[in-house]
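>>> Need the 3D shape of this:
(one chain, ligands or ions: 1)
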Amino acid sequence: MTPVHEPDELLTIGEMSRRTGVAPSALRYYEDLGLVGSVRTAGNQRRYPRHMLRRVSLVTVAKRLGMPLADVGEAFGDVPMESTPSHADWQRASRRWKKRLEERRRAIERLEHELTGCIGCGCLSLKACALLNPDDALAEIGPGPRRLEDVVEDADEELDGDDVA
Ligand code: FES
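Numbering: from 1, shown residues only. Predicted structure coming up:
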């Protein structure tokens, strides 16, 4: 169903840009990502429903917090684009947003803890260092100097490919 908007509810891309401080090119990019939506005039120009102001503002805040745009899209989830979202819609988005921020905070705290320890340590051990080899992931590949072997194997494959070509 095509949404119905009164003309005075719609903002041009220039108005949207002035109101939010976001460049028109960024607004188009956010639209490509599905973070904001617009309707088109008969002349195929973008017009933004007024409720898109909140979405763009939240994207701006998320960027300042270092939140990936994909996470913002997830946080917006089922918040409707075609009609003005209800209070309940934004409450659900807020809970998803908070969960994402908590996950990021925990990841940053973990990294901070590991980095602080490594700066004081300096051993650069592939076995013991959580920064160089998180959760001993290299052990799953196999025993021995996996990184060096992987580099040599990659180089061999490249050379074999050159012979075939
Ligand atoms: S540098 Fe020693 S544990 Fe990371």
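>>> From now on I want contacts and neighbour counts done on CA atoms only, so please keep to that.
Fine.
>>> ranges for the helices of this protein?
With DSSP state H as the criterion, the chain has helices at 13-20, 24-32, 52-64, 69-76, 87-121, 137-141, 146-164.
>>> Tell me how far Thr60 lies from the ligand.
According to C-alpha to the nearest ligand atom, to the nearest Å, Thr60 and the ligand sit 35 Å apart.
>>> Quick check: closest non-adjacent residue to that residue.
Val22 (7.9 Å; C-alpha to C-alpha, 6 or more residues apart in numbering).
>>> tell me which residues of stretch 94-103 are tucked away?
Using 16 or more other C-alpha atoms under 10 Å as the test for burial, stretch 94-103 gives Arg96, Trp97, Arg100, Leu101.
>>> Disregarding residues adjacent in the polypeptide, which is nearest to the second one?
Right, the one you point to is Trp97. If the residues on either side of it in the chain are set aside, Trp97 comes closest to Ala75, at 5.1 Å by C-alpha to C-alpha, 6+ apart.
>>> what pLDDT, on average, does the biggest strand by length in the chain get?
As assigned by DSSP state E, the longest strand anywhere in the chain is strand 46-49. For strand 46-49, the mean per-residue pLDDT is 96.
>>> Parallel or antiparallel, list what pairs with that strand.
If you go by DSSP bridges, strand 46-49 pairs up with strand 10-11 (antiparallel), strand 39-40 (antiparallel).
>>> ok, and what's touching the first one?
Taking contacts as C-alpha atoms under 8 Å, 6 or more residues apart in numbering, the residues outside strand 10-11 that touch it are Arg47, Tyr48, Pro49, Arg50.
>>> how about 10 Å then?
By C-alpha atoms under 10 Å, 6 or more residues apart in numbering, the list of residues contacting strand 10-11 from outside reads 16-17, 19, 38-39, 46-53.
>>> Give me the neighbour count for Leu11.
By other C-alpha atoms under 10 Å, the residues close to Leu11 number 21.
>>> pLDDT score for it?
On pLDDT, Leu11 comes in at 96.
>>> any idea how far it lies from the ligand?
Look at Leu11 and the ligand: by C-alpha to the nearest ligand atom, they are 53 Å apart.
>>> follow-up on the earlier one: wait, the residue nearest to Thr60 sits on Leu58?
No: using C-alpha atoms under 10 Å, Val22 is not in contact with Leu58, being 11.5 Å away.
>>> The two: which is more packed in?
Val22 (17 against 14).
>>> what's the more buried one sitting at in phi/psi?
When quoted as degrees, to the nearest 10, the phi and psi of Val22 stand at phi -100, psi 130.
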